[in-house]
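> Quick one: sequence and predicted model below, then my questions.
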Amino acid sequence: MSQIVKMARQAEHADVHGIWIGEDLRRGSDVFVQASVAMLNAPSKVVGIGVTSPLVRNISTIARAGAALGEIDPARFRLGLGVGGLQDLVRLGLPADRPIALLRNAVQTVRRMWSGETLTIQDEHLDIHQFKASYQAQAKTAIYLGVRGPKLLRLATGIADGVILSGPMTYLKKAIDIVRRVAAKRKSQDDLKTVVWLPTLVSRRQIDQELARVVAATVIADTPTQVLEMAEISYEAVEQVQKTAQKRGYWAASKHVTDRLLHDFTISGKPSRIVEVFDALAGLGVDELVFGPPYGSPPLRSVREVVEAWARQ
Amino acid sequence: MKCGLSLNVNETLQSIVEKSIASETCGLDYLWIADLPDQLYAPVVASKVASRTRRIRIGVGLMSVFLHAPRHLAMAMDALCNAYGDRFDMCIGVGDVQQLKHVGVHVEAIRNLPSRVLESKRKISSYLRKRGVDAQIWLGAQGPKMLGIAKRFDGVLLNYSKPTMIEWAIAEGHLMRKQGVKIGIYPPSYVYVKLRPDMLPLAKISSSVVALGAPRAVLQRFGLYEGLCRAKELVEAGSSIDAIVNLVPDSVLEDFSATMQATDLPGYVDSLGRLGVTHVVFAYPQNYSVDTIRELKEALDLASRPPH
């Protein structure tokens, strides 16, 4: 049985709100098929994709994959869009130019495809000519945007049904503040959901700590300068990690992850420590907290322990 | 002979699942789930179908390698096989050129199409092999250039129904000499026990789409090009499907579809077997309803009975 089936079945019987599935562009399984498997194996839970990028898939594919998942249950599926991991995009030779226009157009186009409109759009990102979906989409399926940095946060808060945030705690506090201020100007404030997704790892052995540093190196290498500034982390503090990650990969870069950086970019430790951090984030008014990979080894046990610790709170 | 049904994914998931269950109950070997830019994403539909069936093999595609990155196609197969077991095949190829144009994929500007398709196949197979996934990769082929690479695949699905055309395609691809390559056809089909006249226009539309998409060289070889010229012009002008189909001669049903009485099916299947065809996929409008699927089953039962 695949890991996603096991996770979904565990989630179905656990005290969790839903399942979010991230896309790994380098390896692994198709994120849309995984979402369908999760929805079918956890029929009482919401399932979200967090996130896929319009830079790596044709927008019509994203729309019809979302439509198919919405048909399984429109109230339970959330489509997450984002620019994509910076390192992955570089490796694939995909420039993330003008990300605000990219995501704004992607959200609008997916919604228009779902509404059955005949579309002709030609701009720097899209080339659609007299397209009309022949499926009947559930236009109410929620679209979330996974974004970082003030401009993208404002965009997401303005046009999406939900915002997915990730980053160091200092950054998250400021990001949530931006979201709250922009959300106040929305016509319907209640509709916007805020999700915080953090790389989390239940640490039991030395090797778990090493893995946590690799995860931190991966996240640091992908963190834009403006997020570092908002997090009050100097470029010098992460310079070695970013340079080594580019040249020699994340394992080599992990040697330069200091304890401070490890603490800022991941949540690792005992389940009780992870729950403490989650509790602090919940106090900031976040709607959903995501216990993100790599979880710890074995993953199912780690997830179960954190869920149980959360329930004891 | 393995027999299957092609499913259209512009229907609701519920309808697709009902037809899938009917197909499995009828004992069909395969379901093929088409993938077009304006229809539901086939791998997700395949996942839903797999969750409601147990035995039937599920083919995904034709998936255009110019719409989907090979990595994504491989990841889709990986996810399906991991969740439901190794009962999935994938058919790849160029795809519907006109439909792809609507979503910004301009096939006419791409050079060396067969090499590009073959390279995609190599990448997909390599990825799946590393992940220990056992999935067959088929090629959807019609013209001489694509047929030229067919022997490098696990199987080839031909968009032909007429034995003379199938024989030509097999010879063009040097397929009889290549052991191990499965040969399948997936023509528009309407096999009936009791004729429903309202089904014939649907079969004609479907056959016309295949005929008008056929390479000019193939149409010329079989003396069909002149009769389709005017309709082809209307396709390029973007005319409505009704206007186009009105200009297509009715003989298109005979040339590009498997439309026949149930009693004629045994002889047809027998002739296909003699040519080396191993798979028949009955495409639209055979999948029109659960009733038309059951009629196909009755006809196939006739075909499998030993002769008196």
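Cool, got the structure. Numbering: from 1, shown residues only, chains lettered A, B, ... in the order given.
> CA atoms for contacts and neighbours, from now on please.
Fine.
> Write out the residues of chain B neighbouring chain A.
Residues of chain B that fall close to chain A, judged by CA under 8 Å from any CA of the partner chain: B:9-13, B:37-41, B:43-45, B:47-48, B:51, B:67-69, B:72, B:75-80, B:82-83, B:101-104.
> where do the strands sit along the stretch 201-313 of chain A?
Applying DSSP state E, counting those that start in this stretch to the stretch 201-313 of chain A gives strands spanning A:267-269, A:288-295.
> of all those strands, which gets the most neighbours per residue?
For the strands of the stretch 201-313 of chain A, the largest average neighbour count (mean count of other CA atoms under 10 Å in any protein chain shown) is found in strand A:267-269, namely a mean of 23.
> need the strands of the stretch 201-313 of chain A in TSV with mean pLDDT, can you?
Listed next are the strands of the stretch 201-313 of chain A as TSV, based on pLDDT from 0 to 100:
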stretch	mean pLDDT
strand A:267-269	88
strand A:288-295	89
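> so which of the ones you listed comes closest to A:W114?
strand A:288-295 (26.1 Å; CA to CA).
> where along chain B do the helices fall?
Assigned by DSSP state H, chain B shows helices spanning B:13-25, B:42-52, B:70-84, B:97-102, B:113-130, B:144-147, B:163-172, B:199-213, B:216-221, B:225-237, B:241-246, B:252-256, B:265-275, B:290-304.
> could those helices go into a markdown table alongside mean neighbour count?
Below are those laid out as a markdown table (neighbours: other CA atoms under 10 Å in any protein chain shown):
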| stretch | mean neighbour count |
| --- | --- |
| helix B:13-25 | 19 |
| helix B:42-52 | 24 |
| helix B:70-84 | 24 |
| helix B:97-102 | 18 |
| helix B:113-130 | 17 |
| helix B:144-147 | 18 |
| helix B:163-172 | 17 |
| helix B:199-213 | 21 |
| helix B:216-221 | 14 |
| helix B:225-237 | 15 |
| helix B:241-246 | 15 |
| helix B:252-256 | 21 |
| helix B:265-275 | 16 |
| helix B:290-304 | 19 |
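> can those go into a markdown table with extra columns for mean pLDDT?
Compiled in a markdown table, these are given as follows (pLDDT from 0 to 100):
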| stretch | mean pLDDT |
| --- | --- |
| helix B:13-25 | 94 |
| helix B:42-52 | 97 |
| helix B:70-84 | 95 |
| helix B:97-102 | 92 |
| helix B:113-130 | 95 |
| helix B:144-147 | 92 |
| helix B:163-172 | 93 |
| helix B:199-213 | 90 |
| helix B:216-221 | 87 |
| helix B:225-237 | 84 |
| helix B:241-246 | 85 |
| helix B:252-256 | 86 |
| helix B:265-275 | 92 |
| helix B:290-304 | 87 |
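> between these, which gets nearest to A:R312?
Across these, closest to A:R312 is helix B:70-84 (CA to CA), at 32.8 Å.
> tell me what the closest one is packed against?
Applying 3 or more CA pairs under 8 Å, 6 or more residues apart in numbering or on different chains; DSSP states H and E, one finds that helix B:70-84 contacts helix A:31-41, helix B:42-52, strand B:88-93, helix B:113-130.
> still on that earlier bit, mind checking the strands of the stretch 201-313 of chain A for the one nearest to A:A38?
Closest among those, using CA to CA: strand A:288-295, at 15.5 Å.
> which helices and strands sit right next to that closest one?
Looks like strand A:288-295 contacts strand A:193-202, helix A:271-282, helix A:299-312 (3+ CA pairs under 8 Å, 6+ apart).
> how near is the residue of chain A most remote from its centre to A:G84?
In chain A, A:Q130 marks the outermost C-alpha relative to the chain mean, sitting 32.2 Å out by CA atoms, centre = their mean. For A:Q130, the distance to A:G84 equals 28 Å [CA to CA, to the nearest Å].
> Do I have it right that B:P163 meets B:V269?
No: between B:P163 and B:V269 there is no contact under CA atoms under 8 Å: 10.1 Å.
> residues contacting B:K145?
Each residue near B:K145 by CA atoms under 8 Å, 6 or more residues apart in numbering or on different chains is listed here: B:P114.
> which element follows the lowest-mean-pLDDT helix or strand in chain A toward the C-terminus?
Lowest on mean pLDDT, DSSP states H and E among the helices and strands of chain A sits helix A:86-92, with a mean of 77. Where DSSP states H and E defines the elements, the next helix or strand beyond helix A:86-92 is helix A:99-114.
> Tell me which residues are up against that next one.
Defining contact as CA under 8 Å, 6+ apart, one finds that helix A:99-114 is touched by A:54, A:59-60, A:62-63, A:67, A:81-83, A:119, A:125, A:132-133, A:136-139, A:143, A:151-152, A:155, A:159-160.
> Sitting in helices, which of those do you find?
A:59-60, A:62-63, A:67, A:151-152, A:155, A:159.
> Just the buried residues from those, in ChimeraX please.
Under the burial definition 16 or more other CA atoms under 10 Å in any protein chain shown, those of the ones in helices among the contacts of helix A:99-114 that qualify are selected in ChimeraX by:
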select /A:59,60,62,63,67,152,155,159
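> Just give me the closest of the ones in helices among the contacts of helix A:99-114 to B:E295.
Among those, and counting by CA to CA, the member closest to B:E295 is A:A67, at 31.5 Å.
> Look at residue 308 and report its pLDDT.
Went with chain A since none was named. We note a pLDDT of 91 for A:E308 in this prediction.
> The intended chain is chain B.
pLDDT, B:H308: 58.
> swap in A:M1?
What the model reports for A:M1 is a pLDDT of 57.
> Residues touching stretch B:224-234, excluding its own?
By CA under 8 Å, 6+ apart, the list of residues contacting stretch B:224-234 from outside reads B:212, B:216, B:219-220, B:244-245, B:247-249.
> let's see it at 7 Å
With CA atoms under 7 Å, 6 or more residues apart in numbering or on different chains as the test, stretch B:224-234 has contacts from B:212, B:216, B:219, B:244, B:247-249.
> sorry, back to before: right, so the helices and strands packed on strand A:288-295: which one is the most enclosed?
Neighbour counts (mean count of other CA under 10 Å) averaged over each of the helices and strands packed on strand A:288-295 peak at strand A:193-202, with a mean of 22.
> who does it pair up with?
strand A:162-165 (parallel), strand A:267-269 (parallel), strand A:288-295 (parallel) (DSSP bridges).
> okay but A:T141 is in contact with A:P74, surely?
Yes: using CA atoms under 7 Å, A:T141 is in contact with A:P74, at 5.4 Å.
> So which of the two has more stuff around it?
Per other CA atoms under 10 Å in any protein chain shown, whichever of A:T141 and A:P74 has more neighbours is A:T141, with 22 against 19.
> Kindly provide the distance from the more buried one to chain B.
Noted for A:T141: a distance of 15 Å to chain B, by CA to the nearest CA, to the nearest Å.
> Phi first, then psi, for that residue.
Here is the backbone geometry of A:T141 (degrees, to the nearest 10): phi -60, psi 130.
> and if you look at the one 4 residues further on?
For A:L145, the backbone dihedrals are phi -120, psi 130 (criterion: degrees, to the nearest 10).
> angle of the longest strand along chain B against helix B:42-52?
Looking across chain B with DSSP state E, the single longest strand is strand B:57-64. Taking axes from the mean of the first three to the mean of the last three CA atoms, to 10 degrees, strand B:57-64 and helix B:42-52 form an angle of 170 degrees between their directions.
> by contact count, what packs against strand B:57-64?
strand B:30-33, helix B:42-52, strand B:88-93 (3 or more CA pairs under 7 Å, 6 or more residues apart in numbering or on different chains; DSSP states H and E).
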